[in-house]
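In: No letters, just coordinates:
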């Protein structure tokens, strides 16, 4: 890796795998390294950015954090990512390292390829792509290669078809990785975790570093300094979309046109007053998530009688919640949650149900 270039680390992974927590732990062990964060938040409320701004670490001041809220970063490279990188590089106090947290829905390949753009390639290199895997989710078969299991899941939810773009997205994030972190390893028995690692390993053809973690507790020295120069190897990490595209044109000719099938996603914000009982809130949210097959739910909650705000992060039926900091002066203690799911969510009904829980 060119020592004159600023190294950049891409943190990717499926919804709720633990990317933000991993980054917070990384910042806490950065040992004075000045790190700039680019956060690609999917949704109308910058939850991840606000969580990171509350870390209180000298290496992640608010001036070093940029949020990109205009959709998945892989689709807005030219409009959002490249201009953001140009602004960072034009600063007098340039960062020592750049960390990019992608949306859980983003393909890493187009982002990595953007580092070959003339505006970037002479100044920055991709130190490594780190893909976070939710070990518990994989152990539960959410992305199992077993066709019978996939068929059983399909009966309950057509979005889990074995050709589902969601499954392809998971594999694309693995294919692009220089390191795979098996997060939430503490929630999986040893022999099951071994099986999970084998299943994931069978989906990639390159040699990749495999690391286990609980609560994203990996130090910066493990995550940074991989020296992979990934942008120079992107041709060996093609996504399903690229492979389908090449196969189609090989069969029909370069000038042929074809449509692409993708899962479409939508998100919206539900706001409300402080809640009286956070345990009842969590139980109620779990019921709403299950009823409407919500992929992700996250945000901040005001709890009556509590000076601190409650962070809520949910993926599937697993809901994490914790108090992160006190409400600041001039900040309204209110509750706001982002709901993310496949297109076709019953927005009005979900909004009504969540609003009742928020009071």
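Out: Noted; the coordinates are in hand. Here the structure is a predicted model, which means the values were calculated and not measured.
In: ok, the residue lying closest to residue 66 once chain neighbours are set aside - how many residues close by?
Out: Spatial nearest neighbour of residue 66, excluding adjacent residues (CB to CB, 6 or more residues apart in numbering): residue 38 at 5.1 Å. C-betas here are computed from N, CA, C, even on glycine. By other CB atoms under 10 Å, 24 other residues sit near residue 38.
In: show me what contacts residue 38?
Out: 66, 68, 81, 84-85, 88, 98-101 (CB atoms under 8 Å, 6 or more residues apart in numbering).
In: buried stuff in stretch 177-192?
Out: By 16 or more other CB atoms under 10 Å, the buried positions in stretch 177-192 come out as 177-185, 188.
In: mind checking how far the helix or strand residue 171 falls within is from the chain centre?
Out: Using DSSP states H and E, residue 171 sits within helix 165-175. Centre-to-centre, helix 165-175 and its host chain are 13 Å apart (CA atoms, centre = their mean, to the nearest Å).
In: thinking again about what came up before, now the two most distant members of the buried residues of stretch 177-192.
Out: 178 and 188 (23.2 Å; CB to CB).
In: domain assignment for this structure?
Out: With domains defined by automatic domain parsing, the chain comprises 6-241, 265-358.
In: most packed of these?
Out: With neighbours taken as mean count of other CB atoms under 10 Å, these reach their highest mean count in domain 6-241, at a mean of 19.
In: and that one, average pLDDT?
Out: The average pLDDT within domain 6-241 is 77.
In: And stretch 335-345, by the same measure?
Out: On average, the pLDDT along stretch 335-345 is 85.
In: chain center to it: distance?
Out: 16 Å.
In: Point to the residue nearest the middle of the protein.
Out: By CA atoms, centre = their mean, the chain has its centre lying nearest to residue 104, at 3.3 Å.
In: what separates that residue from residue 315, distance-wise?
Out: 9 Å (CB to CB, to the nearest Å).
In: Okay, helices next: where are they in the stretch 101-250 of the chain?
Out: In the stretch 101-250 of the chain, the helices defined using DSSP state H, counting those that start in this stretch lie at 108-113, 118-121, 135-139, 147-156, 165-175, 190-201, 220-223, 240-252.
In: can you check the stretch 251-359 of the chain too?
Out: 278-292, 347-358.
In: Tabulate those in CSV, adding columns for distance to residue 224.
Out: Converted to CSV, the helices of the stretch 251-359 of the chain look like this (distance: least, CB to CB, whole Å):
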stretch, distance to residue 224
helix 278-292, 34
helix 347-358, 38
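In: Nearest to residue 202 among those helices would be which one?
Out: helix 278-292 (30.4 Å).
In: which secondary structure elements does that closest one contact?
Out: On a contact count with 3 or more CB pairs under 8 Å, 6 or more residues apart in numbering; DSSP states H and E, helix 278-292 meets strand 296-302, strand 308-315, strand 318-326, helix 347-358.
In: Let me have these in TSV, adding distance to residue 92 as columns.
Out: TSV is the format used below for the helices and strands packed on helix 278-292 (distance: least, CB to CB, whole Å):
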stretch	distance to residue 92
strand 296-302	34
strand 308-315	34
strand 318-326	30
helix 347-358	44
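In: For residue 221, which of the ones you listed is the nearest?
Out: For those, proximity to residue 221 was assessed by CB to CB; strand 318-326 is nearest, at 25.3 Å.
In: That closest one pairs with which strands?
Out: If you go by DSSP bridges, strand 318-326 pairs up with strand 308-315 (antiparallel).
In: about what we covered before: which one of the helices and strands packed on helix 278-292 lies nearest to residue 274?
Out: strand 296-302 (3.8 Å).
In: contacting residues around that closest one?
Out: Contacts of strand 296-302 (CB under 8 Å, 6+ apart): 15-16, 43, 45, 47, 50, 104, 269, 273-275, 278, 281, 285, 289, 309-315, 319, 321, 327, 333-341, 358.
In: Just checking the distance from it to the centre of its chain.
Out: Centroid separation between strand 296-302 and its chain, computed with CA atoms, centre = their mean, is 16 Å.
In: now stretch 16-33
Out: Computed by CA atoms, centre = their mean, the chain-centroid distance of stretch 16-33 equals 13 Å.
In: Ends of that stretch, what's the gap?
Out: 27 Å (CA to CA, to the nearest Å).
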